[in-house]
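In: I'd like to go over a predicted model; first the sequence, then the structure.
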Amino acid sequence: VKSLKEIDVTGKRVLIRVDFNVPMDNHFNISDDRRIKEALPTINYCIDHNACSITLVSHLGNPKNGYEDSFTLRHIQKRLERLLEKKVEFIDDFEASKAEISTCSLERVFLLENIRFHDGEKKNDAELSKKLADICDVYVNDAFGTSHRKHASTYGIAKYVENSVAGFLMMKEIAAFNKALEKPIRPIALVVGGAKISSKITLLSSVMPKIDKLIIGGAMSNTFLSAQGYDMQASLFEEEFVKTAKKVLEDAKVNGVKVYLPVDAVITDSIEHPVDVRVVPSQDVLEGFHAVDIGPATLKLFSEAIELSNTIIWNGPMGIYEIERFSKGTYKLASAIGDCYAYTIVGGGDTADAVEKAGEKDNFSFISTGGGASLELLEGKILPGFECLQRR
Ligand code: 3PG
């Protein structure tokens, strides 16, 4: 794969696919801007090398039917301007703005509206890919966090732009994972959690041959506990993946992977207005209650399992860590992993955010901007967003 440094961007219209899918609170305040910060070296390189124009393309969330207020990239514009120390022009309709993007006026930075508002993005539609290719001379994929998606702006476009290269963040991430995975120091522990159950759970069976321990917490574990016959009551879990969870547990057995599930949980009668919060054994979630964090016994169990590992990959929080009362499990686990003498990688926007808030950032070997993407790398897959550049 060619890196950005190997081509000349001077006077060229550069389109950079970034991953600005950042966590935000209910008022659209960005709670962790790591993904934006990590894209700056690539953007600044193009500015410093006098690109004709720089067009940034990203998605935000998962809009279902075109435009939705909560997913507009306008929420990102101000923070980007502040970090870049430069004006960023917002483009609602990139086709209508083609002439503007093509008019060479050095250092102009454009931010396109959420590319997932286009129906063709997730379908990897050739028309959309061509239209994007049409507004650039150089395509840079720096969206490591989205590179496991075969979408028009992460994959399809490369077919139509001869100069398609990897950005600095992409190169840095791939190198860090190669270091951990090419000659891994075993035992390897994979710690998974978080609420993106459907997209992660299906990957777990395929990573079995690569790992020695699988530690499952957060909303993800509710689906597994349910597979073991526990009634998780009002907790977040995905009924349709209970079968997949059972299969994951069987595959773990076949591959000799030891699985660790929560033995206790913090439960609450209400997430927004908790009145009754207590710790119970995992099998005893009270009627109508939500499991929102791992309990102290689980933390001890997980910490001991982690301590004896030489490579630890963590993806997904252990509970609703955004709410202080339910954040202990995630933060304490961050400290437990940070204390280990192991190669430690944390992946995914929320998890990286939690590690930072726990004050453990400097105790991890590598903090990745990719969640799902890092799991697919662990599986041994070549990410589509990287593979399309290799073909070039
Ligand atoms: C992520 O947050 O993992 C990436 O931005 C990809 O988002 P997606 O899971 O909605 O495709």
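Out: Everything's here; your move.

In: which residues of this structure lie near the ligand?
Out: When proximity is defined as CB under 6 Å from any ligand atom, the chain approaches the ligand at Asp19, Asn21, Asn62, Gly145, Thr146, Arg149, Ser199, Gly349, Gly371, Gly372. Every C-beta, even on glycine, is put in place using the N, C-alpha and C of the backbone.

In: mind running it again at 5 Å?
Out: Within the chain, the residues that sit near the ligand (CB under 5 Å from any ligand atom) are Asp19, Asn21, Asn62, Gly145, Thr146, Gly371, Gly372.

In: and the third one, what are its phi and psi?
Out: Spelled out, it's Asn62. The phi and psi values for Asn62, taken as degrees, to the nearest 10, are phi -130, psi 70.

In: filter the residues of the chain next to the ligand to the buried ones?
Out: Asp19, Asn21, Gly145, Thr146, Gly371, Gly372 (16 or more other CB atoms under 10 Å).

In: make CSV from the residues you listed and add pLDDT and secondary structure to it.
Out: Below are these laid out as CSV (pLDDT from 0 to 100; DSSP: H, G, I helix; E, B strand; the rest coil):
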residue, pLDDT, secondary structure
Asp19, 98, coil
Asn21, 95, coil
Gly145, 96, helix
Thr146, 97, helix
Gly371, 89, coil
Gly372, 89, helix
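
In: quick one: residues in contact with stretch 77-96.
Out: 20, 30, 33, 36-37, 40, 43-44, 47, 55-56, 73-74, 97, 100-101, 107-113, 131-132, 135 (CB atoms under 8 Å, 6 or more residues apart in numbering).

In: now the buried members of those.
Out: By 16+ other CB under 10 Å, these give 20, 30, 33, 36, 40, 43, 47, 55-56, 73, 97, 101, 108-113, 131-132, 135 as buried.

In: pLDDT below threshold where in the chain?
Out: 106 (pLDDT under 70).

In: what ranges do the helices span in it?
Out: In the chain, the helices defined using DSSP state H lie at 34-48, 74-84, 98-102, 126-133, 168-182, 197-207, 218-227, 242-255, 296-307, 328-338, 349-357, 372-378, 384-391.

In: list the buried ones in stretch 1-17?
Out: For stretch 1-17, burial by neighbour count (16+ other CB under 10 Å) applies to Val1, Leu4, Ile7, Val9, Lys12, Arg13, Val14, Leu15, Ile16, Arg17.

In: which positions in stretch 154-164 come out as buried?
Out: Quick answer for stretch 154-164 (16+ other CB under 10 Å): Thr154, Tyr155, Gly156, Ile157, Ala158, Lys159, Tyr160, Val161, Asn163, Ser164.

In: run the chain-centre distance for stretch 101-118.
Out: Stretch 101-118 has its C-alpha centroid displaced from the chain centroid by 24 Å (CA atoms, centre = their mean, to the nearest Å).

In: should've said stretch 294-307
Out: Using CA atoms, centre = their mean, the offset of stretch 294-307 from its chain centre is 24 Å.

In: just the CA trace of that stretch, in CSV.
Out: Taking C-alpha atoms only, stretch 294-307 is exported to CSV below (Å, rounded to 0.1, in the frame of the first residue of the first chain):
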residue,chain,number,x,y,z
ILE,A,294,-20.1,-5.4,36.4
GLY,A,295,-19.9,-6.0,40.1
PRO,A,296,-16.9,-6.3,42.4
ALA,A,297,-16.6,-10.1,42.2
THR,A,298,-16.6,-9.9,38.4
LEU,A,299,-13.9,-7.2,38.5
LYS,A,300,-11.7,-9.5,40.7
LEU,A,301,-12.3,-12.5,38.4
PHE,A,302,-11.5,-10.4,35.2
SER,A,303,-8.5,-8.8,36.8
GLU,A,304,-7.0,-12.1,37.8
ALA,A,305,-7.5,-13.5,34.3
ILE,A,306,-5.9,-10.4,32.7
GLU,A,307,-2.9,-10.4,35.1
